[in-house]
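Engineer: Give me a 3D structure for the following:
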Amino acid sequence: MGVYEFDAETVKAVYDFLAHKAETEIRLIDPHKRRRPKSIFVTSRDQFLRTCKAYNGLYNVYVGINERRPGGRKREDVICVKTIVLDLDAVRPDKSQPASDEELELVYSKAEQIAKDSKLFWLHRPCICMSGNGYQLWYAIPSIPITDENRDEVEEKLELFQHLMKEMYESEHVSIDNIGDLPRIIKVMGTLSIKGEHTKERPHRLSYCLGKLERREDPYLRAYILSLKQEPKEASLNDVSNAARITPDFEHLLEKDQKLRSLFYGDTTGYPSRSEAEMALMVKLVYYGFCQADIWRIMDSARIGKWQESHEQYRKLTYRKALEFVATNRYNTLPATRISSG
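Structural biologist: Numbers count the residues shown, from 1 in each chain. I've put the predicted structure just below:
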């Protein structure tokens, strides 16, 4: 790969996706850390393209996700939010070096999983991009105007959304950066990712988009983000015996269903992460027909542990995803009778 490889069409698509009305900040970061970061402000797609091309291969080229006031770089300068990006990174022995193809493939699988789930949770599937050492999911939402009155509240909700997705999907192979702060920058797709030493096994890569980077605004995702609130977490695990006393049916199921028992008592063998083990347990509870209140009490007592550590929104998304899974596979999985605590 030549160090000056550049994808002009993708760079233009990034500018169009961000849909800034006045000015866009380009941030140039020296991969060798010999020079201070440099900001250049542009007001047109042609300026954006020319600037990115001029510095590609010499700097890592980033762009401000959220539009700022003219010349602004700080959170106080952000005037609206209409693009959400999830940034998935490959876990590797040395984060200062590029990812291997094998490590990237694991991140791609996770990005695909999140994209599919997003279509279930909200309205549109996000655009998937390869950032060089990981993958990103780009979501478009109707604009959220930022004022001095709502700045702190909106930023808190954006960070909470990022934290929630991190809780849901991070694993031993995939890390998810929390990039919910208002002045956040992101790599310009179509430019070269320069990190560490370029080798055959761990090369510098040209970032790109899988398919068309097209802006399709999702009002459901916007509404969901704005609905998020900080909630207190459980101080400690409840006594496991409490769950068995919810209903005789659950005690009976623990005796007859080995997989249910193993998951309930914290055995996550065969699952890449605690989130996926808890999802499997949740699916079983939905499968057996427990009502939401009983499922919450059972999960409070389960020993996998992530449920008790997590925000209420993580719990609601896990439950919703389990409902969708069982509904999609109803003819193969649903039992003939419903179990409830009456």
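
Engineer: for Gly266, what are its contacts?
Structural biologist: Ala302, Arg303, Ile304, Gly305 (Cβ atoms under 8 Å, 6 or more residues apart in numbering). In this view, the C-beta of every residue, glycine as well, is placed from N, C-alpha and C.

Engineer: Which one (most neighbours) among the residues you listed?
Structural biologist: Counting neighbours by other Cβ atoms under 10 Å, the top entry in those is Ala302, with 23 neighbours.

Engineer: Could I get the full set of strands for the protein?
Structural biologist: 24-29, 38-42, 60-64, 80-90, 127-130, 134-145, 174-177, 185-187, 192-193, 205-206, 208-210 (DSSP state E).

Engineer: quick one: Asp89 and Val174 touch, right?
Structural biologist: Yes. Using Cβ atoms under 8 Å, Asp89 is in contact with Val174, at 7.2 Å.

Engineer: Between these two, which is the more surrounded one?
Structural biologist: Per other Cβ under 10 Å, whichever of Asp89 and Val174 has more neighbours is Val174, with 25 against 20.

Engineer: can you pull the contacts of the residue nearest to the more buried one when sequence neighbours are not counted?
Structural biologist: Nearest residue to Val174, sequence neighbours excluded (Cβ to Cβ, 6 or more residues apart in numbering): Lys110, at 4.6 Å. Counting by Cβ under 8 Å, 6+ apart, Lys110 touches Leu88, Tyr135, Tyr169, Ser171, His173, Val174.

Engineer: how does it look with 7 Å?
Structural biologist: Leu88, Tyr169, Ser171, Val174 (Cβ atoms under 7 Å, 6 or more residues apart in numbering).

Engineer: Kindly report the same for Ile79.
Structural biologist: Contacts of Ile79 by Cβ under 7 Å, 6+ apart are Glu67, Arg68, Arg69, Ile146.

Engineer: need those residues in CSV with pLDDT and distance to Gly196, can you?
Structural biologist: Putting the contacts of Ile79 into CSV (pLDDT from 0 to 100; distance: Cβ to Cβ, whole Å) gives the following:
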residue, pLDDT, distance to Gly196
Glu67, 96, 32
Arg68, 95, 31
Arg69, 95, 35
Ile146, 98, 36
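
Engineer: between those residues, which is nearest Leu213?
Structural biologist: Glu67 (17.8 Å; Cβ to Cβ).

Engineer: List the buried residues in stretch 72-90.
Structural biologist: Residues of stretch 72-90 classed as buried by neighbour count (16 or more other Cβ atoms under 10 Å): 72-73, 75, 77-90.

Engineer: Kindly provide the distance from Pro70 to Lys212.
Structural biologist: Applying Cβ to Cβ, to the nearest Å, one obtains 31 Å for the distance of Pro70 from Lys212.

Engineer: got it, and Ile79?
Structural biologist: Taking Cβ to Cβ, one finds Ile79 at 27 Å from Lys212.

Engineer: hmm, back to that, from the contacts of Lys110, which two are the most distant?
Structural biologist: Maximum pairwise distance in the contacts of Lys110, criterion Cβ to Cβ, is 10.0 Å, between Leu88 and Ser171.

Engineer: For Arg222, list the residues it contacts.
Structural biologist: By Cβ under 7 Å, 6+ apart, the neighbours of Arg222 are Ile141, Pro142, Ile144.

Engineer: again, but for Phe121
Structural biologist: Per Cβ under 7 Å, 6+ apart, neighbours of Phe121: Leu317, Arg320.

Engineer: ok, Leu317 touching Tyr169?
Structural biologist: No. Assessed by Cβ atoms under 7 Å, Leu317 is found out of contact with Tyr169, at 10.3 Å.

Engineer: quick one: low-confidence parts of the protein?
Structural biologist: Applying pLDDT under 70 to the chain flags residues 1-4, 231-248, 330-342.

Engineer: Would you map the helices across it?
Structural biologist: 8-18, 45-55, 101-121, 151-169, 219-227, 241-244, 248-256, 258-264, 274-287, 292-301, 306-309, 312-328, 330-333 (DSSP state H).

Engineer: out of those helices, which comes closest to Leu28?
Structural biologist: Per Cβ to Cβ, nearest to Leu28 of those: helix 45-55, 5.3 Å.

Engineer: What's the local residue count around the closest residue to Thr318 other than its chain neighbours?
Structural biologist: Once flanking residues are discounted, Thr318 sits nearest to Met282: 5.4 Å by Cβ to Cβ, 6+ apart. Met282: 26 surrounding residues under other Cβ under 10 Å.

Engineer: what number of residues lie near Asp94?
Structural biologist: Around Asp94 there are 9 residues (other Cβ under 10 Å).
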